[in-house]
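Student: Make a model of this:
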Amino acid sequence: MTAATKSQGTPAPNNTGAGGPVTVKRTLSVFDLVVFGMIFMVPIAPFSILASVSNTSHGMPALAYVIAMVAMLFTAFSFDLMVPRYPSSGSIFVYASDEINGPVGFVVGWLMLLQYLITPAVMLIMAGLALHEYVPAVPVWAWCLIFLAIITVIAMRGAGATVMVDKLALVAELIVLLLFFIFGVIYVAKNPGVAHFSFEGFYNPGHFEMGAVMSAVSLCALSFVGFGSVVTLDDQSLDPKHGPSRAMIVIVLILGALYMAMSLLTMCMDPSGKIMAANPNNGFYVVASLAGKWLGVLCAVANALALGIFTSLSGMTAGASLLRVMAKDDALPSVFAKISPKTRVATVATGFVAVLTLALIFIVLPIGMTTGAKISNYGALSTYFMLNIAVIWGLGIRAKILEHGKFWRTIIFPFIGAIVTGVIFCSLGGEVLIVGTVWLVLGIVFYYVWTKALHHKPDLLSDSRAKGETRAQHIARKAQADAHAKQVAQNVLDQQTAADSMSNESSKA
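Tutor: Numbers count the residues shown, from 1 in each chain. Below is the predicted model:
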């Protein structure tokens with residue numbers, strides 16, 4: 001049953017053109033998805049928050065980034081199991097809907113919205129702060145508005161324009177990062193009196209404190225959570241069943257290595273951490289300036305452009321895509337599912353994200369970018385936690401382990417992912433947890449009103465939609481699959497019992 005044929009609730013918009021239904025184009029290769037994810041995560045992301053991560057972790061930012069990478073890698077393994085089963089931009093909220101239940105799936109989608117709707121504003125503010133440091137005459141909010149106007153225009157042009165811009169941005173960011181590595185190493189080698197090569201940025205036993213490191217992880221996780229945004233584009237992927245999951249694993253490994261190396265070199269240039277401590281918002285740029293003032297300016301401008309245009313653009317695209325899919329499933333007002341026949345863009349959803357970002361800029365500015373980033377991470381970490389739970393429950397416990405994978409992949413790996421993301425989540429801080437929980441409660445209230453008072457019936461089962469099934473057909477197929485899995489398990493048990501019996505008889509003989 002589709003949203004358009006339901007007897008209750010608002011029908012889905014008629015996205016039909018002269019040649020049939022209007023859908024988004026499948027144009028994105030695995031390489032395109034890797035580029036999209038790396039841009040959203042930003043290869044030079046630590047530039048903006050490295051000072052805060054260093055100060056919070058007591059001078060061990062590299063360790064914080066490694067822990068965050070491990071958490072995201074195990075979560076990526078969970079994505080790798082789910083994506084082939086559910087080719088839909090709905091991502092985790094679809095997995096939770098089918099493997100757990102519909103209400104839980106909606107709440108997960110609501111938490112995803114928290115991440116994707118607030119991230120563009122946070123990135124714009126980071127960009128504005130970087131430029132304001134060197135052009136103080138222009139206020140931070142003005143830089144934010146300039147960047148917002150640019151990304152809105154690009155986003156309205158569609159994924160093709162977005163990917164083209166992303167590829168150019170990625171090359172530019174990697175060039176800047178390479179320059180930092182080259183001249184940073186030269187600076188350390190030429191100034192042994194004030195700088196030296198060491199691994200103290202990874203582990204310093206004299207200053208190590210697990211609570212401090214985990215608090216830093218909760219901040220630097222912002223640099224990793226973008227890999228999940230790749231799934232929001234799988235209905236535009238040339239290989240929707242395998243492309244997104246492969247891209248996510250590659251992204252986490254590559255950027256994890258870059259973040260750790262960048263953090264280590266920065267601490268080698270400022271081994272005492274005094275520069276970082278004195279400049280909590282822009283400490284990295286000051287450290288980079290030690291190798292040449294031009295390098296500090298270049299890093300600041302490059303990061304501002306990366307965050308203000310490219311990462312914010314990826315965030316807006318991901319947020320609009322999520323709104324569109326949830327509306328298509330009748331989980332949100334159907335107007336968000338409307339697609340332009342000309343550009344194949346969800347124009348209403350994209351415009352809504354743009355307007356909301358404008359408002360959030362002036363809300364997040366007073367509370368600070370660090371708090372804003374952690375609020376975004378509330379949504380990301382909670383949904384990643386639920387992804388791992390969905391794998392454990394759906395693929396590992398409900399008599400499906402023999403059908404869908406090995407014990408390590410369906411129980412152990414997602415359990416590790418859930419534990420690590422859960423610990424990081426708990427380290428976000430009291431104020432952030434309160435704000436995030438308020439958003440969660442609002443989502444529960446909205447779901448109750450939407451389904452009980454307004455009589456909508458969200459259908460979040462994306463695999464049935466991909467197969468062209470009705471809801472009844474989907475339920476029947478799932479029941480048949482579950483019955484088959486139970487029969488397989490019973491056959492294995494019977495065979496084992498028979499083998500044991502024969503072994504006992506042989507022993508007696």
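Student: Which of the residues in the helix or strand harbouring residue 434 are classified as buried?
Tutor: Assigned by DSSP states H and E, residue 434 belongs to helix 430-448. For helix 430-448, burial by neighbour count (16 or more other Cβ atoms under 10 Å) applies to 432-433, 435-436, 439-440, 443, 447. Quick note: C-beta positions are derived from backbone N, CA and C, even for glycine.
Student: And for stretch 182-196?
Tutor: Judged by neighbour count using 16+ other Cβ under 10 Å, the buried positions of stretch 182-196 are 183-184, 187-188, 195.
Student: The helix or strand hosting residue 76 packs against which elements?
Tutor: Element membership for residue 76 (DSSP H and E) is helix 61-82. When contacts are defined as 3 or more Cβ pairs under 8 Å, 6 or more residues apart in numbering; DSSP states H and E, helix 61-82 packs onto helix 46-56, helix 210-220, helix 243-269, helix 369-390, helix 413-426.
Student: Could you work out which of those reaches nearest to residue 286?
Tutor: Of all these, helix 46-56 sits nearest to residue 286, with 8.4 Å by Cβ to Cβ.
Student: what's next to that closest one, contact-wise?
Tutor: Helix 46-56 has contacts (Cβ atoms under 8 Å, 6 or more residues apart in numbering) with 60-61, 64-65, 126, 129-130, 201, 212, 215-216, 219-220, 222-223, 259, 262-263, 266-267, 273, 276-277, 279-285, 299-300, 302-303, 307, 369-370, 373.
Student: Let's see that helix as CSV, backbone CA atoms only.
Tutor: Provided in CSV are the C-alpha atoms of helix 46-56 (Å, rounded to 0.1, in the frame of the first residue of the first chain):
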residue,chain,number,x,y,z
PRO,A,46,39.9,18.9,12.7
PHE,A,47,41.2,22.4,11.8
SER,A,48,38.2,24.0,13.5
ILE,A,49,37.9,21.9,16.6
LEU,A,50,41.4,20.5,17.1
ALA,A,51,42.2,23.0,19.9
SER,A,52,39.1,22.1,21.8
VAL,A,53,39.7,18.4,21.3
SER,A,54,43.3,18.8,22.4
ASN,A,55,42.4,20.8,25.5
THR,A,56,39.6,18.4,26.5
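Student: so what's residue 104 up against?
Tutor: With Cβ under 8 Å, 6+ apart, residue 104 has these contacts: 96-97, 386.
Student: Distance check, residue 121 against residue 105.
Tutor: The gap separating residue 121 from residue 105 is 26 Å, by Cβ to Cβ, to the nearest Å.
Student: try residue 173
Tutor: Distance, residue 173 to residue 105, by Cβ to Cβ: 35 Å.
Student: now the helices for the stretch 51-200 of the chain?
Tutor: Secondary structure of the stretch 51-200 of the chain by DSSP state H, counting those that start in this stretch: the helices cover 61-82, 92-99, 102-134, 140-155, 159-190.
Student: What are the buried residues along the longest one?
Tutor: Of the residues in helix 102-134, those buried under the neighbour-count criterion (16+ other Cβ under 10 Å) are 102-133.
Student: Can you pull the poorly scored residue ranges out of the chain?
Tutor: 1-28, 40, 86-90, 158-166, 225-226, 228-229, 231-242, 399-405, 460-509 (pLDDT under 70).
Student: Which residue, other than its chain neighbours, is closest to residue 77?
Tutor: Using Cβ to Cβ, 6 or more residues apart in numbering and skipping residues adjacent in sequence, the residue nearest residue 77 is residue 413, 5.0 Å away.
Student: In contact with that neighbour, which residues?
Tutor: Per Cβ under 8 Å, 6+ apart, neighbours of residue 413: 74, 77-78.
Student: Residue 377: which of those is nearest?
Tutor: residue 74 (16.9 Å).
Student: who touches the closest one in this structure?
Tutor: 388, 413-414, 416-417, 420.
Student: ChimeraX command for the buried members of those?
Tutor: Here is the ChimeraX selection string for the buried members of the contacts of residue 74, based on 16+ other Cβ under 10 Å:
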select :388,413,414,416,417,420
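Student: For the contacts of residue 74, give me CSV that also has distance to residue 31.
Tutor: Formatted as CSV, the contacts of residue 74 follow (distance: Cβ to Cβ, whole Å):
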residue, distance to residue 31
388, 27
413, 26
414, 27
416, 29
417, 26
420, 29
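Student: ok, the contacts of residue 74 vs residue 45, which is closest?
Tutor: For the contacts of residue 74, the nearest to residue 45 is residue 420 (19.7 Å; Cβ to Cβ).
Student: so how far is residue 214 from that closest one?
Tutor: Computed with Cβ to Cβ, the distance linking residue 420 and residue 214 is 10 Å.
Student: list residues touching both of those two?
Tutor: residue 67.
Student: need the contact list for the spatially closest residue to residue 373 that is not a sequence neighbour.
Tutor: Leaving out its chain neighbours, the residue that sits closest to residue 373 by Cβ to Cβ, 6+ apart is residue 222, at 4.5 Å. By Cβ under 8 Å, 6+ apart, residue 222 lies in contact with 45, 49, 122, 373-374, 376-377, 380.
Student: Which of those has the largest number of neighbours?
Tutor: residue 377 (30 neighbours; other Cβ atoms under 10 Å).
Student: contacting residues for the residue nearest to residue 133 when sequence neighbours are not counted?
Tutor: Distances taken as Cβ to Cβ, 6+ apart place residue 282 nearest to residue 133, at 5.1 Å, with adjacent residues excluded. With contact taken as Cβ under 8 Å, 6+ apart, residue 282 is in contact with 51, 129-130, 133, 300.
Student: Return the member of the contacts of residue 104 nearest to residue 145.
Tutor: Using Cβ to Cβ, the contacts of residue 104 come closest to residue 145 at residue 386, 34.9 Å.
Student: Quick one: closest of the helices and strands packed on helix 61-82 to residue 455.
Tutor: helix 369-390 (26.7 Å).
Student: Just the CA trace of that closest one, in CSV.
Tutor: The C-alpha trace of helix 369-390 is given here as CSV (Å, rounded to 0.1, in the frame of the first residue of the first chain):
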residue,chain,number,x,y,z
MET,A,369,29.7,26.0,18.0
THR,A,370,31.0,23.3,20.4
THR,A,371,27.6,22.9,22.1
GLY,A,372,25.9,23.0,18.7
ALA,A,373,28.2,20.3,17.4
LYS,A,374,27.4,18.1,20.4
ILE,A,375,23.6,18.6,19.9
SER,A,376,24.1,17.4,16.3
ASN,A,377,26.0,14.4,17.6
TYR,A,378,23.1,13.6,20.0
GLY,A,379,21.1,12.7,16.9
ALA,A,380,24.0,11.0,15.1
LEU,A,381,25.2,8.8,18.0
SER,A,382,21.7,7.8,19.1
THR,A,383,20.8,6.7,15.7
TYR,A,384,24.0,4.8,15.2
PHE,A,385,23.4,3.1,18.5
MET,A,386,20.0,2.0,17.3
LEU,A,387,21.4,0.8,14.0
ASN,A,388,23.6,-1.6,15.9
ILE,A,389,20.7,-2.7,18.1
ALA,A,390,18.6,-3.3,15.0
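Student: Quick one: distance of that helix to the chain centre.
Tutor: Helix 369-390 has its average C-alpha position 8 Å from the chain's average C-alpha position, going by Cα atoms, centre = their mean, to the nearest Å.
Student: That helix versus helix 102-134: what angle between them?
Tutor: Relative orientation of helix 369-390 and helix 102-134, computed by axes from the mean of the first three to the mean of the last three Cα atoms, to 10 degrees: 150 degrees.
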